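Enquirer: sequence unknown, structure follows:
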C-alpha cells in the first residue's frame, strides 16, 4: 500500500518554474515506478512523466520534453517534478501516482494516486 501527497503547486507567470513534490508513505514506494499526470478543466487526464523504481529510466510526454524533469529520492520516499519554461497550457491539477508497471503512460496501470496540486500559469 502506498499513500501519496503532492505539494508545490501554485501560481506562476509564463516562463517561470515550479517544483512539485510527492511524499510517499508505505514500504512499497521504493520498489514502485512513479508517474506524474495532469488534468485541465474539460480535458482527460494526461501523462506528463514517469520514472522507474531505481530512477534509472525516465519517460516524458511530448508536450513537456525538454522543459520538465522527473526525479526521485527513495531514501526520502519522495518524488519530484521540476517544471521550467512554464506555459499557460501547462495549467492543470497535477497528480502523482505509483505503479508496479515501469514507464507506463496509462492511468489504469497506476494503483495509487495523490489528491493533486493545482498549477496555474498566467500569461
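Expert: Done, it's in. Since the model is a prediction, treat every value here as computed from it, not as a measurement.
Enquirer: all contacts plus neighbour counts: C-alpha atoms, from now on.
Expert: Fine.
Enquirer: Find the residue at the geometric middle of the protein.
Expert: In the chain, the centroid-proximal residue (Cα atoms, centre = their mean) is residue 36; its distance is 2.4 Å.
Enquirer: what about that one, helix or strand, and which?
Expert: strand 33-39 (DSSP states H and E).
Enquirer: And for residue 84, the neighbour number?
Expert: A count of neighbours around residue 84, defined by other Cα atoms under 10 Å, yields 17.
Enquirer: same check, this time on residue 77
Expert: Neighbour tally, residue 77, other Cα under 10 Å: 17.
Enquirer: With residue 20 instead?
Expert: Neighbours of residue 20 (other Cα under 10 Å): 22.
Enquirer: do residue 70 as well
Expert: 24.
Enquirer: Kindly report the same for residue 26.
Expert: If you count neighbours by other Cα under 10 Å, residue 26 ends up with 11.
Enquirer: residues contacting the residue nearest to residue 69 when sequence neighbours are not counted?
Expert: For residue 69, ignoring the flanking residues on the chain, the nearest one in space by Cα to Cα, 6 or more residues apart in numbering is residue 82 at 5.0 Å. By Cα atoms under 8 Å, 6 or more residues apart in numbering, the residues touching residue 82 are 17, 18, 19, 20, 68, 69, 70.
Enquirer: so which of those residues is the most crowded?
Expert: That'd be residue 70 among the contacts of residue 82, by other Cα under 10 Å, with 24 neighbours.
Enquirer: For the strand holding residue 36, which helices and strands make contact with it?
Expert: Under the contact definition 3 or more Cα pairs under 8 Å, 6 or more residues apart in numbering; DSSP states H and E, strand 33-39 sits against strand 46-51, strand 92-99.
Enquirer: Many thanks, I have nothing further to ask.
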